[in-house]
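[1] give me a model of this one.
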Amino acid sequence: MSPVPGSRLLAGLAGVAMVLSCPPINLYFLGWIGLVPLFLALRTPKRGGFGEGFTAGFVFNAGVLYWLAFNVGTELWIAIVTMIAATFILATGWGIASWVFCRLRERLGEIAWAILPFGWTAWEGWLGHLGFSGELGFPWPLLALTQANFDPLLQIMEFTGVWGVTFWTATMNVAVFHVWRGETKIARRYAFILFFVLIVIPPLAIWHAVSHYDKTAPSVKVAVIQANIPPLDKWTMGAGYSIMVYDSLTRLAVEQGVELVVWPETAVPVNLMHQSHYRERVARLSDETGVAIITGSSDQVRQDGIPKPLNAAFLILPGQGPVARYSKKQLVPFGERVPFQSLAPSLGELNFGQAEFMPGPRWTIFEMPLNGDTLRFPAVICFESAFPELVRQFVVRGANFLVTVSNDSWYGRSSEPSQISALSRFRSIETRRAMARSSNSGESFISDQLGRVIAKTELYERAWVGAIVPLCEDETLYVRYGDWLLMIAFVVYGTAIAAAAFKMFGAGNA
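    Predicted coordinates:
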């Protein structure tokens, strides 16, 4: 077969369709067919398939991650270079994956299409664990993000984690492509059967989720506070101003009988444990209102006698003050820390405009008594909510509720707030834990254990919302076994590559 005319254009069209299916546009049904133009281009690629894959990947990742260029927390040129570099690196991954697919198809024939969803899932999993100890991990522009507004399908994450949604979406695209352009009648027939099997999965998943919804579980009334203080003003106007705003909103929430109030990341922009005046103000608010407060703030740890900053969260209890703290473990590469300092400490001396935090050393589970029960939760900080295994580890350690604190105002009115909110909800569904998410400028929300948002603020408003949510002790399949589907994808994909290589070298030796 001769190359498809306009194969790069088709690949670009695939990228556009997948962008439109992601938050905030959320045309999720385009995610079911968006890869079809790319598949058509890869059927007869011009130069091995890399160019088609790179084009689709560049359009998709640029469309999803353009907000990196609008980071007001760094120099404009650094923000632009960061966006371009991230887009090129991720697009290169798409290009390599497409080239590998074309080689598999040459060596293994049409079975390569059955392997494609495993390959796609494996590539995304690798992206999420990239680098030494995951220091370059970036599980953000996932195929699963295209389905963020399709709640019935998302419920399978209880069993498979986020990788199951990626696998389903890739498989759906393969099925649609073969129903339309299958090589043989039998291929189209099997693709048609596969299509209907896939269509049945979402309603079954939501039925199972709702039928197992425990209405008798203990509950907590929680409020999230959204102060909407511009990120630079927060530092220039001082911690006193920030605390004043949070104080007034918290007192409004307390009037409605809430038991836990969540403030966002660095809501108190000082080193809380080393500046007693501000610490006492927050503790006094907790004492006067009788509610527990989670707040983001700065902290520090000494390394070789030198104080090093931490991005932290604190739990303040009435009559006790700060009783526990957690420091962010998964730092934004080049944004909060230059990677690989464990291998080359001198890298920490490079200055890309990053904050240069130290990673937190402990898996802290905050605890507070609650009407004869115990509320146990982590305070996942911003970027960490994109990592399924990290949140899973908190639940393995006993969390029955999830709290996320964030500050998304660095990126203005872009797609970033809606995307990270979707990724946060994924963690709620995977673990079947209700969640309270507080962001400085939004999106702040409270969701139940099905990931359904039951209270939410609007972007860039000063507000609070509260809701009653259940405390869950159930252990989902994903919590119990972790990334089992991802491991299967790696095995299947790796075996296919090995088989193709054996065929190639075996034929050469023959």
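
[2] which residues touch the helix or strand of the chain with the lowest mean pLDDT?
    Taking mean pLDDT, DSSP states H and E as the measure, the helix or strand of the chain with the lowest value is helix 231-236, at a mean of 81. For helix 231-236, the surrounding residues in contact (C-beta atoms under 8 Å, 6 or more residues apart in numbering) are 72, 73, 242, 266, 269, 407, 409, 410, 440. (Glycine included, C-beta is placed from N, CA and C.)

[3] so what's residue 144 up against?
    Applying C-beta under 8 Å, 6+ apart to residue 144 gives the contacts 124, 162, 163, 165, 166, 169, 426.

[4] follow-up on the earlier one: neighbour-wise, which of the contacts of helix 231-236 leads?
    Neighbour counts for the contacts of helix 231-236 peak at residue 440, which has 27 neighbours (criterion: other C-beta atoms under 10 Å).

[5] let me see the contact set for that one.
    226-229, 231, 234, 264-265, 267, 406-409.

[6] so what does it have for phi and psi?
    phi -60, psi -40 (degrees, to the nearest 10).

[7] going forward can the numbers begin at 106, since that is how I track them
    New numbering, starting at 106: the last item is residue 545.

[8] report the separation between it and residue 525.
    To residue 525, residue 545 is 12 Å away according to C-beta to C-beta, to the nearest Å.

[9] need the residues touching each of the two.
    511, 513.

[10] hang on, the earlier thing: in strands, which of the contacts of helix 336-341 appear?
    Counting by DSSP state E, the part of the contacts of helix 336-341 found in strands is residue 374.

[11] let me know the closest of the contacts of helix 336-341 to residue 146.
    The closest of those to residue 146 turns out to be residue 515 (C-beta to C-beta; 36.4 Å).

[12] wait, isn't that closest one in contact with residue 178?
    Yes. Using C-beta atoms under 8 Å, residue 515 is in contact with residue 178, at 4.7 Å.

[13] what ranges do the strands span in the stretch 506-615 of the chain?
    Using DSSP state E, counting those that start in this stretch, the strands assigned to the stretch 506-615 of the chain run over residues 507-511, 540-544, 550-552, 558-561, 568-575.

[14] same list, these, but as TSV with mean neighbour count, distance to residue 143 and mean pLDDT please.
    Below are the strands of the stretch 506-615 of the chain laid out as TSV (neighbours: other C-beta atoms under 10 Å; distance: least, C-beta to C-beta, whole Å; pLDDT from 0 to 100):
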stretch	mean neighbour count	distance to residue 143	mean pLDDT
strand 507-511	29	33	97
strand 540-544	29	34	97
strand 550-552	24	33	97
strand 558-561	17	32	96
strand 568-575	20	41	96
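
[15] select, out of those strands, the one closest to residue 254.
    Using C-beta to C-beta, the strands of the stretch 506-615 of the chain put strand 558-561 closest to residue 254, at 11.2 Å.

[16] just to check, residue 223 is in contact with residue 591?
    No. Assessed by C-beta under 8 Å, residue 223 is found out of contact with residue 591, at 9.9 Å.

[17] tell me which element residue 329 falls in.
    strand 324-331 (DSSP states H and E).

[18] mind listing the strands that strand pairs with, and their directions?
    Its sheet considered, strand 324-331 pairs with strand 365-367 (parallel), strand 568-575 (antiparallel) by DSSP bridges.

[19] any chance of the ones you listed in JSON lines, plus distance to residue 435?
    Output for the strands paired with strand 324-331, formatted as JSON lines (distance: least, C-beta to C-beta, whole Å):
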{"stretch": "strand 365-367", "distance to residue 435": "19"}
{"stretch": "strand 568-575", "distance to residue 435": "25"}
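
[20] out of these, which comes closest to residue 474?
    The nearest among the strands paired with strand 324-331, by C-beta to C-beta, is strand 365-367 at 11.6 Å.

[21] what comes up buried for that closest one?
    Neighbour-count burial for strand 365-367, with 16 or more other C-beta atoms under 10 Å as criterion, is recorded at 365, 366, 367.

[22] how about the residues you listed in TSV, adding distance to residue 194 and pLDDT?
    Listed next are the buried residues of strand 365-367 as TSV, based on distance: C-beta to C-beta, whole Å; pLDDT from 0 to 100:
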residue	distance to residue 194	pLDDT
365	40	97
366	40	98
367	34	98
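
[23] quick one, phi/psi of the residue nearest in space to the middle of the chain?
    For the chain, the residue nearest the mean C-alpha position is residue 491 (2.3 Å; C-alpha atoms, centre = their mean). As for residue 491, its main-chain torsions (degrees, to the nearest 10) stand at phi -80, psi -10.

[24] roughly how far apart are the closest residue to it other than its chain neighbours and residue 250?
    Of all residues not flanking residue 491 in the chain, residue 528 sits nearest, at 4.7 Å (C-beta to C-beta, 6 or more residues apart in numbering). To residue 250, residue 528 is 7 Å away according to C-beta to C-beta.

[25] so those two - more neighbours on which side?
    residue 250 (25 against 22).

[26] against residue 173, how distant is the closest residue in space to the more buried one that isn't next to it in sequence?
    In this structure, residue 250 finds its nearest non-sequential neighbour in residue 127, 5.0 Å apart by C-beta to C-beta, 6+ apart. Per C-beta to C-beta, residue 127 is found 15 Å from residue 173.

[27] which one of those two is surrounded by more residues?
    The residue with more neighbours, out of residue 127 and residue 173, is residue 127; 29 against 21, by other C-beta under 10 Å.

[28] output the contacting helices and strands for the helix or strand where residue 314 lies.
    According to DSSP H and E, residue 314 maps onto helix 290-316. Packing partners of helix 290-316 (3 or more C-beta pairs under 8 Å, 6 or more residues apart in numbering; DSSP states H and E): helix 256-259, helix 267-286.

[29] swap in 10 Å and give it another go.
    Where contact means 3 or more C-beta pairs under 10 Å, 6 or more residues apart in numbering; DSSP states H and E, helix 290-316 is packed against helix 135-138, helix 216-233, helix 256-259, helix 262-265, helix 267-286.

[30] what about the last one, average pLDDT?
    Confidence for helix 267-286, expressed as mean pLDDT, is 96.

[31] now do it: distance to the chain's middle.
    A distance of 21 Å separates the centroid of the chain from that of helix 267-286, by C-alpha atoms, centre = their mean, to the nearest Å.

[32] cool, and the third one?
    Helix 256-259 has its C-alpha centroid displaced from the chain centroid by 16 Å (C-alpha atoms, centre = their mean).

[33] one more: the fourth one?
    In terms of C-alpha atoms, centre = their mean, the gap separating the centre of helix 262-265 from the centre of its chain is 15 Å.

[34] same question for the second one.
    Between the centre of helix 216-233 and the centre of its host chain there is 19 Å, according to C-alpha atoms, centre = their mean.

[35] ok, which stretches of the stretch 506-615 of the chain are helices?
    521-536, 582-586, 589-614 (DSSP state H, counting those that start in this stretch).
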